[in-house]
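1. Show me how the following folds:
(chains A, B and C)
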Amino acid sequence: MTALANLRLPTRRYALGAGFTTEALKFFKYWIAAALVLAFALPFAVAQWNDITISAWYYAANAGKWFTAFVSGGFLFVLVPNMIATGLTRRELAVSMGLFGVLWSLALGAIACAGLLAERASYAAMGWSHGIDANDAIAPIGSAAETAAFGAHYPLLYLVYFAAGALVGAASYRWESAGWLLLVPVLPVVFSLDNALYDTKPVGPGWAGFLGGLIGDWGRGLIIALLLATAAALAAAAYRILIDIPLRAKKA
Amino acid sequence: MSFTVNLRGVSLRYGSEDALADIDLDLEAGKIYGLLGRNGAGKTSLLSLLAAFRKPTAGDVLVGGEPVWENAPIVSRVALIREGGDFDDSDSVKAVIEAGQIRPSFDTEYALKLAERFDLPLKKKVRDLSRGKRSVLAAVTGLAARAELTMFDEVHLGMDAPTRDAFYKELLAEYMDRPHTVILSTHLIDEVANYLEEVVIVDRGRLLRHADIEAFQGMGATLTGPADAVDALGLAALAEQRLGGTKSITVADALDAPTRERAAAAGIEIGPVGLQDLFIHLTDPERKAA
Amino acid sequence: MFDDGTPIYRQIADQIKAEIMNGSLEPGGKVMSTNQYAAFYQINPATAQKAFRELVDEGILYKQRGVGMYVADDARDRLAADFRERFFERVLAPLVREARQAGIPLTDIIDYLRAQEGALQ
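-> Sure thing, here's the model as predicted:
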């Protein structure tokens, strides 16, 4: 936190939520920059030997989901003792975290979407096809409008991963040895919906791909509604764990 | 406006273990309290409840007359500093200090002044600090919080003697500058005794004594003399020692004038009991619960 | 600085009394404030205040609202009477007791005291 002045009580939870976002973006600025450079430079390197047919940025944007879950879980795990010891209530922390989640997902989602559009332009200039590896076939992303529509899902997906990360982070602080086990129910649900949305294999362990197949043709509207509901349910569960969380005893 | 503290029938259970059992305690606003107790007696548990680090299993915890749990206007003005501090170890010292600004009352200028005085390297990461410097950083964030209830839980651990001395001095100066309620939890009782107005002793999860420091200082005596003469006084001894024909006993109560005279006449020397020794005797596990 | 046996406030009161007796505090003179005492001796200000309250009750000090504490004009007389009374109890009683234990006759002590008094004059 590098706030310039003391925060005031009724609004400090919002100031903190915004502060966490800028802190996190600042903290990981080199990682984000590296992902950008890599995703744009790699196709030019590969083009020396092979035809470019699939979007590299798609993988970077998908890795952003994991990154988001890691950021939210890691931050919350550290913030619980720090913030409560500095005189913040759990409710205030929960509200700040919620705001952090929305702002982070929007910010990273905007980068992901803009990246896809920029990549489309650069691929078009090079005469490469801008597509996605959909298991056996390569599906082209499509026109500029279709690419934008495709990229517009990222904020929502990031939000779901953020909520999942926060839940596991809060649980890991609360139940020192067992909290991470929440990954077992959370991962398949998030994976399946994520998969279902694209009906493609996400970046991640291949074994989870089959789950996506089960709900492959539910229709986009329903899947989006389910993603929203999942984000809400994960956030509610995280809130429940957080709201009466005790600070751990210090180890002697 | 300093905070009062009221505990009503407070219990705290970890699993099946009672950390605190049915505690009633009232602390007036604006005093410096010493919280004494052996390891595991419940000192840290008690302080954790006052700072809303934990929720009691039963009972009410009031700070400043209000329930402290999830009460932002109260907890933002309560500071519990635990040994080693609650920091993000990857943060710099400066970042840790600035995080204090989450409190409306945090005095950044004062914190930076203290950091300079205590030689804290602002740019260094917390994880690279020595144990002593880490304790100092914790103490600095506690002092600069300018809270209405400030609690230091064994924060002196890891500080060397001159640093502890400087810390107590600063604590007293800050207290006189701005009256507020202070609780010092410590093992080094004699070192802080002069700073205290009242003393609270917890033992095995229960409140053992709560009284003015003077009550403790007037309490107790050691009597040393010929074994027969010492025995003849018929006093209830907390502890006794024998060397040849000489016997030394420690008693918990103040001696009345006739006893003093009789003892003096029998050639028995009467000496004071330090607070530390008195505490050791009062919380002796061999001793039956009072 | 302080010994363990007596409450600190009493030790401070005794010290102020001693300062009045030996003349370092003059009758009518101003005494340090509670906070100054607390900072100087590194004690809780409430402890210093207790010492002052006791001295005010005994008529040794008087308080002028908003200004501070002053030494009463007759403080030294009061203390002298008090001191004389306690001198016998504090100094002479143990002396007699120890002399008896050591088997020193009282007349030897009297002779010694006379000689000391002569030397001082």
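2. per-domain residue ranges of chain C.
-> As assigned by automatic domain parsing, chain C contains the domains C:8-74, C:76-120.
3. B:T246 against B:A229, yeah?
-> No. Contact criterion Cβ atoms under 8 Å: B:T246 and B:A229 do not qualify, at 10.0 Å. Placement of C-beta: from N, CA and C, glycine included.
4. of these two, who's got more company?
-> Neighbour totals were compared for B:T246 and B:A229, and B:A229 leads with 17 against 14 (other Cβ atoms under 10 Å in any protein chain shown).
5. Okay, the more buried one and B:R260: tell me how far apart.
-> B:A229 is 14 Å from B:R260, where distance means Cβ to Cβ, to the nearest Å.
6. Would you mind listing what in chain C touches chain B?
-> C:2-9, C:35, C:38-39, C:41-47, C:50, C:94, C:97, C:101 (Cβ under 8 Å from any Cβ of the partner chain).
7. can you pull the buried residues of the helix or strand A:V71 falls within?
-> In this assignment (DSSP states H and E), A:V71 forms part of helix A:57-85. Across helix A:57-85, burial judged by 16 or more other Cβ atoms under 10 Å in any protein chain shown covers A:57-62, A:64-65, A:67-69, A:71-73, A:75-85.
8. Just the mean pLDDT for that helix, thanks.
-> Mean pLDDT, helix A:57-85: 94.
9. Quick check: next helix or strand after the lowest-mean-pLDDT helix or strand in chain A?
-> Counting by mean pLDDT, DSSP states H and E, chain A has its least confident helix or strand at helix A:209-214, which shows a mean of 48. Going down the chain from helix A:209-214, the next helix or strand is helix A:220-242, by DSSP H and E.
10. so what does that next one touch, helix or strand wise?
-> Using 3 or more Cβ pairs under 8 Å, 6 or more residues apart in numbering or on different chains; DSSP states H and E, the elements in contact with helix A:220-242 are helix A:57-85, helix A:90-126, helix A:154-174, helix A:183-198.
11. how about the ones you listed, which one is nearest A:A237?
-> Nearest of the helices and strands packed on helix A:220-242 to A:A237, taken as Cβ to Cβ: helix A:154-174 at 5.3 Å.
12. could you dump the closest one to CSV, C-alpha only?
-> Coordinates of each C-alpha in helix A:154-174 appear next as CSV, following Å, rounded to 0.1, in the frame of the first residue of the first chain:
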residue,chain,number,x,y,z
TYR,A,154,-12.5,-12.9,-20.6
PRO,A,155,-13.6,-10.5,-17.8
LEU,A,156,-16.3,-12.9,-16.8
LEU,A,157,-13.9,-15.9,-16.9
TYR,A,158,-11.3,-14.0,-14.9
LEU,A,159,-14.0,-13.1,-12.3
VAL,A,160,-14.9,-16.8,-11.9
TYR,A,161,-11.2,-17.8,-11.5
PHE,A,162,-10.7,-14.8,-9.1
ALA,A,163,-13.6,-16.0,-6.9
ALA,A,164,-12.3,-19.6,-7.0
GLY,A,165,-8.8,-18.4,-6.0
ALA,A,166,-10.3,-16.3,-3.2
LEU,A,167,-12.3,-19.2,-1.8
VAL,A,168,-9.3,-21.5,-1.8
GLY,A,169,-7.0,-18.8,-0.4
ALA,A,170,-9.4,-18.0,2.5
ALA,A,171,-9.9,-21.7,3.2
SER,A,172,-6.2,-22.4,3.2
TYR,A,173,-5.7,-19.7,5.8
ARG,A,174,-8.5,-20.9,7.9
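13. Look up phi and psi at B:I249.
-> phi -120, psi 150 (degrees, to the nearest 10).
14. Just give the closest residue to it, not the sequence neighbours.
-> Spatial nearest neighbour of B:I249, excluding adjacent residues (Cβ to Cβ, 6 or more residues apart in numbering or on different chains): B:A237 at 4.0 Å.
15. Can I take it that that neighbour is in a strand?
-> No. Counting by DSSP: H, G, I helix; E, B strand; the rest coil, B:A237 is not found in a strand; it is coil.
16. Output the below-cut-off pLDDT ranges for the stretch 101-250 of chain B.
-> Nowhere does the stretch 101-250 of chain B drop to pLDDT under 70.
17. One more: the stretch 51-200 of chain A?
-> A:134-136, A:198-200.
18. Where does it get nearest to chain C, residue-wise?
-> At 26.0 Å from chain C, A:G87 is the closest residue in the stretch 51-200 of chain A, using Cβ to the nearest Cβ.
19. do the same with the stretch 151-252 of chain A
-> For the stretch 151-252 of chain A, Cβ to the nearest Cβ, closest residue to chain C: A:K250, 28.0 Å.
20. how far away is the residue nearest to that residue when sequence neighbours are not counted from B:S105?
-> Closest residue in space to A:K250, ignoring its immediate chain neighbours: B:R82 at 5.2 Å, by Cβ to Cβ, 6+ apart. From B:R82 across to B:S105, the span is 20 Å (Cβ to Cβ).
21. what's the answer for A:T53, then?
-> 61 Å.
22. Any buried residues in stretch A:171-182, and which?
-> By neighbour count on 16+ other Cβ under 10 Å, the buried set for stretch A:171-182 is A:A171, A:S172, A:Y173, A:R174, A:G179, A:L182.
23. pretty sure the second one is touching A:L183, no?
-> No. Under the criterion of Cβ under 8 Å, A:S172 lies out of contact with A:L183, with a separation of 9.6 Å.
24. out of the domains of chain C, which comes closest to chain A?
-> Chain A sits nearest to domain C:8-74 of all the domains of chain C, at 26.0 Å, using Cβ to the nearest Cβ.
25. any idea of the mean pLDDT in the closest one?
-> Here the average pLDDT along domain C:8-74 is 90.
26. Now the buried members of the residues of chain C next to chain B.
-> C:2, C:4-5, C:7-9, C:35, C:38-39, C:41, C:43-47, C:50.
27. just those now: which is nearest chain B?
-> Distances from chain B to these, taken by Cβ to the nearest Cβ, are shortest for C:G5, at 3.1 Å.
28. what packs against the helix or strand hosting C:Q36?
-> Secondary structure from DSSP H and E places C:Q36 in helix C:34-41. When contacts are defined as 3+ Cβ pairs under 8 Å, 6+ apart, helix C:34-41 packs onto helix B:161-177, helix C:45-57.
29. just these: most buried one?
-> helix C:45-57 (a mean of 19; mean count of other Cβ atoms under 10 Å in any protein chain shown).
30. Report the buried residues of stretch A:93-113.
-> If you call a residue buried by 16+ other Cβ under 10 Å, then stretch A:93-113 has these buried ones: A:93-105, A:107-109, A:111-113.
31. mind giving me the domain ranges of chain B?
-> B:5-216, B:220-272.
32. Noted, bye for now.
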